[in-house]
Each structure stands twice: as structure tokens, then as C-alpha cells.
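In: The following comprises the amino acid sequence and a computationally predicted model.
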Amino acid sequence: MKVGLIRCMQTEDLCPGTTCFKVMKEKKLAFEGLGEDVEVVGVVTCGGCPGKKAVTRAAEMVKRGAAAIVFASCIKKGTPIGFACPHAQALMDAVAKKVGPEIRLFDYTH
């Protein structure tokens, strides 16, 4: 499965995404039971609060072959800074509306 990863811009300096990539490769946690390998076609940030740039960035990753959009755990769970995005649900809803129901969404990685 080809995926596009969206991460929080606020955690960019603290987290290189290592654990997100690891769980995708090993098909663990959010990817457990996934019957196919995960190929990352792009990694972007939300663009900063309130995350509006994530919508067009997700659509672009879909144009480039992503069959799923993955929201890194920093958005919904707040890892590693301990503060989840206050705009997480609105952000995910807007992306879902833009990319359509045929694109699978993952609301966390680990």
C-alpha cells in the first residue's frame, strides 16, 4: 500500500519520524494485520496551526499514488511533546472530504 504521511510541524525539530517509519515497515500498531507492505510516497507537515495546508498536501500525495493518508501520532496522540493537536479532528475531517472515501485514513501510527 502506498501511503502519504502527514506530521505536526511543531514536532519537526524533536522527531525525525523514525518510529512512524519503523511501525509502517514492520506492520505493527496501526498497521498490524495489514496484508501488504507499506511504501511511503511522501512526508509533509500540516503546515502549522491550524493545519489547513494538510488538505492540499494530502491531495497532492494522492495524485502521486498514495492509496492512504497516515496522520503521524504527533497529531492525534501528541507524541513526543505530550500535547495533541487541538485541530486534529477538523484536520482529519477536511482531508477525508478532500481525498474522498476511496482513500484510506490512518489516524495514528504508534
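Out: On my side now, so go ahead.
In: Can you give me every residue that contacts the spatially most central residue of the chain?
Out: Residue closest to the average C-alpha location in the chain (Cα atoms, centre = their mean): residue 71, at 2.2 Å. Residues in contact with residue 71, defined by Cβ atoms under 8 Å, 6 or more residues apart in numbering, are 6, 88, 91, 92, 105, 106, 107, 108, 109. To be clear about C-beta, it is placed using only N, CA and C from the backbone, and glycine gets the same treatment.
In: Give the bridge partners for it, please.
Out: Beta bridges link residue 71 to residue 6 when assigned by DSSP bridges.
In: Can I get stretch 99-110 as CSV, trimmed to CA atoms?
Out: Presented in CSV, the C-alpha positions along stretch 99-110 are these (Å, rounded to 0.1, in the frame of the first residue of the first chain):
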residue,chain,number,x,y,z
VAL,A,99,-9.4,12.9,-0.9
GLY,A,100,-12.7,11.0,-0.9
PRO,A,101,-13.9,7.8,0.6
GLU,A,102,-11.7,5.5,-1.6
ILE,A,103,-8.6,6.8,0.2
ARG,A,104,-7.9,5.0,3.5
LEU,A,105,-7.0,7.2,6.5
PHE,A,106,-4.9,6.2,9.5
ASP,A,107,-5.4,8.5,12.5
TYR,A,108,-2.1,7.5,14.2
THR,A,109,1.0,5.4,13.6
HIS,A,110,2.2,4.3,17.0
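In: which of the residues in that stretch are buried?
Out: By neighbour count on 16 or more other Cβ atoms under 10 Å, the buried set for stretch 99-110 is 99, 103, 105, 106, 107, 108, 109.
In: who's in contact with the fifth one?
Out: Just to be clear, that refers to residue 107. Contact analysis of residue 107 by Cβ under 8 Å, 6+ apart lists 30, 71, 76, 92.
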